[in-house]
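Asks: give me coordinates for this.
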Amino acid sequence: MTVAGVDGCKAGWIAVIRSDAEAEPDARVFSSFATLLAAVPEDATVAVDMPIGLPDFSGRGGRGPEALVRPLLGERQSSVFSIPSRAAVHAETGDFTDVEAWYAAHRRASDVAFRTSEPPRGVSIQAFGIFAKIREIDVLMIARSELRERVIESHPEVAFWRLNGGRAMSLPKKIKGKVNLAGMEERRALLALNGHRRDFLDQPPPRGAAADDFLDACAMMLVAERHRRGETVSYPSPPGRDAYGIPVAIRV
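Replies: A predicted model of the protein is given here:
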């Protein structure tokens, strides 16, 4: 019955894992997504805040799931990035030893995105910042087809929207890159009403993860539980499929 909610973090991936419905969750940081998967049972349901399934060619607004969920989120819709083509995501795989190299790689990836989209568009800085993690999951999903039905894509703000009765959160988690304490408290209170213990939510995040990463992973864990019960809603419904047959949908 193991479920895991996962978010990317500075040290890799933060996972909030529950082994059964009555157990206290455990928050852990993993250096890679493959290591995380190896640490949970082979039938564990995993919900992750990261795009899964990539297009060969990107349309207006990115993939279909992004365009469908943005209208639900009101002022929070900017948290849903447009994801470009697989070619753009995989265009630059270096470690980028300095800021100049990073921006040069961003420009080259944007050039690829521009050529593989209609209307032509580049890549936002925010989206480029998560490309390495998107690639990490993409490689696994291509190679391991058995993961495709139990490792699902979700999105924290859409998950909070559903937990909040179909209403977007009124406060942002961050303002100008800094944590907004009132927005964090709004989300903690909602998570506490939906299956998480308040003392668990109030603990410091594991080393290598930020407080907002931890709360997002807690929300993802609730999505994983709902998916295991067959209760998630899919955007789109039914999910699309990319060229490798990987499901393309945000589920909450």
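Asks: export the strand or helix carrying residue 27 as PDB, just CAs?
Replies: Assessed by DSSP states H and E, residue 27 sits inside strand 26-30. Taking C-alpha atoms only, strand 26-30 is exported to PDB below (Å, rounded to 0.1, in the frame of the first residue of the first chain):
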ATOM      1  CA  ASP A  26       8.500   9.600   6.400                       C
ATOM      2  CA  ALA A  27      10.200  12.600   4.600                       C
ATOM      3  CA  ARG A  28      13.400  11.800   2.900                       C
ATOM      4  CA  VAL A  29      15.700  13.300   0.300                       C
ATOM      5  CA  PHE A  30      17.200  11.200  -2.600                       C
END
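Asks: that one pairs with which strands?
Replies: Paired neighbours of strand 26-30 in the sheet (DSSP bridges): strand 12-18 (antiparallel).
Asks: just give me the residue right at the centre of this structure.
Replies: residue 49 (1.2 Å; Cα atoms, centre = their mean).
Asks: correct me, but that residue touches residue 4?
Replies: No. Look at residue 49 against residue 4 with Cβ atoms under 8 Å: they stay out of range, at 12.0 Å. Yep, even glycine has a C-beta here, placed from its N, CA and C like the rest.
Asks: give the closest residue to the residue nearest to the centre of the chain in space, chain neighbours not counted.
Replies: Distance criterion Cβ to Cβ, 6 or more residues apart in numbering; nearest residue to residue 49, sequence neighbours excluded, is residue 7 at 4.6 Å.
Asks: one more: residue 251?
Replies: In space, residue 251 is closest to residue 232, 4.2 Å off (Cβ to Cβ, 6+ apart).
Asks: what's the answer for residue 90, then?
Replies: residue 135 (6.0 Å).
Asks: same check, this time on residue 193
Replies: residue 163 (7.8 Å).
Asks: ok, how many other residues are close to that neighbour?
Replies: Residues near residue 163, counting by other Cβ atoms under 10 Å, number 21.
Asks: for it, give me its contacts.
Replies: The neighbours of residue 163, taking Cβ atoms under 8 Å, 6 or more residues apart in numbering as the test, are 190, 191, 193, 194, 219, 222.
Asks: what's the most distant pair in those?
Replies: 193 and 219 (12.2 Å; Cβ to Cβ).
Asks: quick one, which of the two is more surrounded?
Replies: residue 219 (28 against 11).
Asks: pLDDT on the helix or strand where that one lies, on average?
Replies: Secondary structure assigned from DSSP H and E places residue 219 in helix 211-228. The predicted model gives helix 211-228 an average pLDDT of 97.
Asks: please apply the same query to stretch 185-192.
Replies: 98.
Asks: how near is residue 47 to residue 231?
Replies: 12 Å (Cβ to Cβ, to the nearest Å).
Asks: and if you look at residue 59?
Replies: From residue 59 to residue 231 the distance is 30 Å (Cβ to Cβ).
Asks: these two - which one has more neighbours?
Replies: Neighbours per residue (other Cβ under 10 Å) separate residue 59 from residue 231, with residue 59 holding more: 14 against 11.
Asks: the more buried one and residue 118 touch, don't they?
Replies: Yes. Residue 59 is within contact range of residue 118, at 6.3 Å (criterion: Cβ under 8 Å).
Asks: list the contacts of the residue nearest to residue 49.
Replies: 13, 14, 48, 49, 156, 209, 213, 214, 216, 217, 220.
Asks: looking at those residues, which one is closest to residue 105?
Replies: Nearest to residue 105 among the contacts of residue 7, with distances taken as Cβ to Cβ, is residue 13, at 22.1 Å.
Asks: where does residue 151 land on pLDDT?
Replies: On the pLDDT scale, residue 151 gets 98.
Asks: who does it form a beta bridge with?
Replies: Assigned bridge partners for residue 151, using DSSP bridges, are residue 46.
Asks: just the strands in the chain please.
Replies: 3-9, 12-18, 26-30, 45-49, 151-153, 174-175, 178-179, 234-241, 247-251 (DSSP state E).
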